[in-house]
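Colleague: Sequence and predicted structure are below.
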Amino acid sequence: MNRAALVFAGLLALALPLSLLAGRVWIDPATTPNAALILMELRLPRALLAMTVGAGLGAAGAAMQGYLRNPLADPGLFGIAPMAALGAVASLWFGFAVSPWLLPVMALCGAAVGMALLAGIAGRTGGIALFTLAGLMIASLAGALTALAITMSPSAFAMSEIVMWLNGALTDRSWDEVWIAAPLVTIGIVLLAFASRPLDALTLGGDAARSMGVDMGRLMALLVTGIGLTVGAGVAVAGIIGFVGLIVPHLVRPMTDRLPSSLILPSALAGALLVLVADSLVRILPLVTELRLGIALSLIGAPFFLWLLLRMRRGRV
């Protein structure tokens, strides 16, 4: 565990107890009625789910920026998140969302289809350009089908449900969502960790990596499966939450040697911290209704993306 991982693990340990107490109504464990019940059944699963989703997105972002050797890369470029969203939208469109399990299951099915399409189009020997273009094509197709589903919603209620879900949130989530997402995200992060050493070699270029014995087909399989599990599971339980995978590696990189193997675990911890803090903030903002988490992170992420572009223009990234 490197210095960045220790720093973000320490910050996470500080933020978690505060997150459990924070909300429109702050909890005092000594005086608040039913404090233990609220903490165990509402606040704790929500906090753990925020950490799980953030960890998956952070690790996926670090792996993707390492593979594409592009600091502006985001897991959404793979098309897996839009496909998972399309699966969830289909469950809402057909009314399957009345079951607490069908929506995440269909979202995971959508992510699996996205992974299969990506692997099938890019192939075992596909280069980075083909991989990126395949991801963009899948994302565009999923976006178009999602827009079509919204346009042809069977009712105004279904349309509202779809739009609200796509905005991303952790409101009203329970232990069920934690048990769905946590194992899948954990497996995904482990797979991405296995890909970290080959990603280090890839920083020297594709030919150099092959000469060092990197199996590009195996690397692609690890990335597609790892990112599919981390991002797909996150979308399945929380909707679309963007920019985490883009922002987090940039927060971690100055504390490391900038190699992908040094970034993936700290980025997972930093992603968990970012989503946990953001979810706590949206709960305490004095608004009529709770701000959707996906909107809040987009409001942070879009200016950050613009700042990155300006830095790149000046040659500082």
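Modeller: That came through, no problem.
Colleague: shouldn't Ala221 be in contact with Ala119?
Modeller: Yes: the criterion here is Cβ atoms under 8 Å, and Ala221 meets it with Ala119 at 7.2 Å. Where you see a C-beta, it was placed from the backbone N, CA and C, and this is true even at glycine.
Colleague: How much space separates the residue sitting furthest away from the middle of the chain from Val25?
Modeller: Distance from the centre of the chain peaks at Thr31, with 36.5 Å (Cα atoms, centre = their mean). Distance, Thr31 to Val25, by Cβ to Cβ, to the nearest Å: 12 Å.
Colleague: And Ala85, by the same measure?
Modeller: 32 Å.
Colleague: Compare the two (neighbour count), which wins?
Modeller: Each of Ala85 and Val25 has its neighbours counted (other Cβ atoms under 10 Å); Ala85 has more, 28 against 11.
Colleague: Would you check that that one makes contact with Ala107?
Modeller: Yes: shown here, Ala85 and Ala107 form a contact pair, counting by Cβ under 8 Å, at 7.2 Å.
Colleague: so what's in contact with these two at the same time?
Modeller: Applying Cβ atoms under 8 Å, 6 or more residues apart in numbering, one finds that Ala85 and Ala107 are jointly contacted by Val235.
Colleague: so where does the nearest residue to Gly242 once chain neighbours are set aside fall, helix or strand?
Modeller: Distances taken as Cβ to Cβ, 6 or more residues apart in numbering put Ser298 closest to Gly242, at 5.7 Å, once the chain neighbours are dropped. Assigned by DSSP states H and E, Ser298 belongs to helix 293-313.
Colleague: can you map out the helices along the protein?
Modeller: Listed in chain order, the helices of the chain (DSSP state H) span 3-21, 35-38, 44-68, 80-93, 102-122, 128-151, 156-166, 175-194, 196-202, 206-211, 216-238, 244-252, 260-284, 293-313.
Colleague: which helices and strands does the last one pack with?
Modeller: When contacts are defined as 3 or more Cβ pairs under 8 Å, 6 or more residues apart in numbering; DSSP states H and E, helix 293-313 packs onto helix 244-252, helix 260-284.
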